[in-house]
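[1] Got a predicted model here, sequence first, then my questions.
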Amino acid sequence: MDLNWTPEDSRFRERVRDWLAGHVPPEARPSGTEAVAFDRAWQRELMAGGWAGISWPKEYGGQGLSLTQQMIWFEENAKAGAPSAGVFFVAQMHAGPTLIVMGSDAQKAKHLNGILGGDEIWCQGFSEPGSGSDLASLRTKGVVDGDEIVVSGQKIWTSYADAADYQELLIRTEPGSERHKGLTWIICDMKTPGITVHPIRKLTGHAEFASVFYDEVRIPVSNVVGEIGQGWTTAMATLGFERGTAFTSEMVHLVLRLEELIDYAKANPLPGASRPAWSDDECRRTLARLRADLAALRAMNYSNLSRYAGGAAPGAEGSLMKLFTNQLAQRIERAAIDMMGDRLLDPNTDEQSWLASYYRNLVQAIGGGTTDIQREIIADRVLGLPRSR
């Protein structure tokens, strides 16, 4: 494992910084339906500038650069305050990499250029009512009928389903099968007859999530990625990509967020105190522990990316990244809450953003597999411990 930057990496970092300095939108990403147009415009800006698909192979429209350079891209994006992938997250971090590794030539030709060019929005059809973190218990049924698979059932918590063109859909195609057996990963065109999308409106008034219902939806067998009945293998590859490199950007955001909190501690008192929080020994110890743990998280990330760059596929170790990242994010936000007190409740102060961020991190710790599920994966597939049930 080599954690040193090469001269080429350093030159690449400078090029990234220079380009971002002249292209990052000055306005914040809007909410609601306007976010889709904003994300699409940014993705097309990246494509025009030669920055789309940093580590995707050139034959599929990417830049063919190393995972190290992709990490540099994520780091500099976070530092520059550049937009995230937004509604294109599933397409770029899930669907595209999965198709590159496991898709047919026809599937690659149809979708990959559209994903990078900002023409295709994807959503994920994995979670169901009663089958969220326990993905292997899903019940949405697919019946093979000639050259089609007829799908019936429901998915839930599907981000941007109302805006998506396609869905990575996991269904049960083997009658009587249980758990990981008999599942199939299939590309679902969201405009197919029989699909109904019901947005789930949050307290903010926005509908980021949705329930998706399938009433005898006919999908061509040619849309299956991998093999019929082997969808668990494909799904694990999909989640491996998500947990393998996608947390790099979140890690950099945490570094910046902690430094912001340290600056706050040096300039503001603790609740009920008169001296800056930085003068309190326990406060400094808390911040020092958080900074040390962030350094450990960064080392873990570099180690994983070094293995992937050597040819290893993202695997269960990605659950370590997700678990540690989510928990560390919550610890940073809780430290901010302790330091800021009731100032967090004043809508006219910057401190309120920390409370909103804390709530958001609680949600992110559930999405993609809860903390307990991640621990089960780590125990079973990383440490080789006996199953708890």
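    Nice, thanks for sending it over.
[2] For the stretch 101-250 of the chain, which residues score under the pLDDT cut-off?
    Filtered on pLDDT under 70, the stretch 101-250 of the chain yields the residue ranges 131-136, 202-207, 237-247.
[3] all strands of it, in order?
    122-125, 141-145, 148-155, 166-172, 183-189, 195-200, 209-220 (DSSP state E, counting those that start in this stretch).
[4] Which of those strands sits closest to residue 292?
    Residue 292 sits nearest to strand 122-125 of all the strands of the stretch 101-250 of the chain, at 34.5 Å, using CB to CB. For every residue, glycine as well, the C-beta is placed using N, CA and C.
[5] what are the ranges of the helices in the protein?
    Listed in chain order, the helices of the chain (DSSP state H) span 7-23, 34-49, 67-80, 89, 96-102, 105-116, 231-245, 247-267, 281-309, 318-340, 352-364, 371-377.
[6] Next, the contact list for residue 183, please.
    Counting by CB atoms under 8 Å, 6 or more residues apart in numbering, residue 183 touches 136, 138, 170-174, 177, 229-232, 235.
[7] now swap in residue 57 and tell me
    Residue 57 neighbours (CB under 8 Å, 6+ apart): 64, 100.
[8] switch to 10 Å and redo it
    Residues near residue 57 by CB atoms under 10 Å, 6 or more residues apart in numbering: 63, 64, 100, 108, 112.
[9] Quick one: buried ones out of these?
    Buried members of the contacts of residue 57, scored by 16 or more other CB atoms under 10 Å, are 63, 100, 108, 112.
[10] Stretch 15-30 spans what distance, first to last residue?
    Counting by CA to CA, to the nearest Å, you get 28 Å between the two ends of stretch 15-30.
[11] Buried ones in that stretch, by neighbour count?
    Of the residues in stretch 15-30, those buried (16+ other CB under 10 Å) are 16, 19, 20.
[12] from the chain's centre, how far out does that stretch sit?
    Taking the mean of its C-alpha atoms, stretch 15-30 sits 21 Å from the chain's own mean (CA atoms, centre = their mean, to the nearest Å).
[13] quick one: contacts of it?
    The contact list for stretch 15-30, computed with CB under 10 Å, 6+ apart, reads 35-39, 41-42, 45-46, 48-51, 54, 69, 72-77, 79-84, 86.
[14] now with 8 Å?
    35, 38-39, 42, 45, 49, 51, 72-73, 76-77, 80-84, 86.
[15] can you list the domain ranges for the chain.
    Listed by automatic domain parsing, the domain ranges of the chain are 7-84, 122-229, 246-382.
[16] Need these in JSON lines (columns: distance to residue 96).
    JSON lines is the format used below for the domains of the chain (distance: least, CB to CB, whole Å):
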{"stretch": "domain 7-84", "distance to residue 96": "7"}
{"stretch": "domain 122-229", "distance to residue 96": "8"}
{"stretch": "domain 246-382", "distance to residue 96": "12"}
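[17] and which of the contacts of residue 183 is nearest to residue 299?
    residue 235 (28.8 Å).
[18] contacting residues for the closest one?
    Residue 235 touches 126, 135, 170, 183, 185, counting by CB under 8 Å, 6+ apart.
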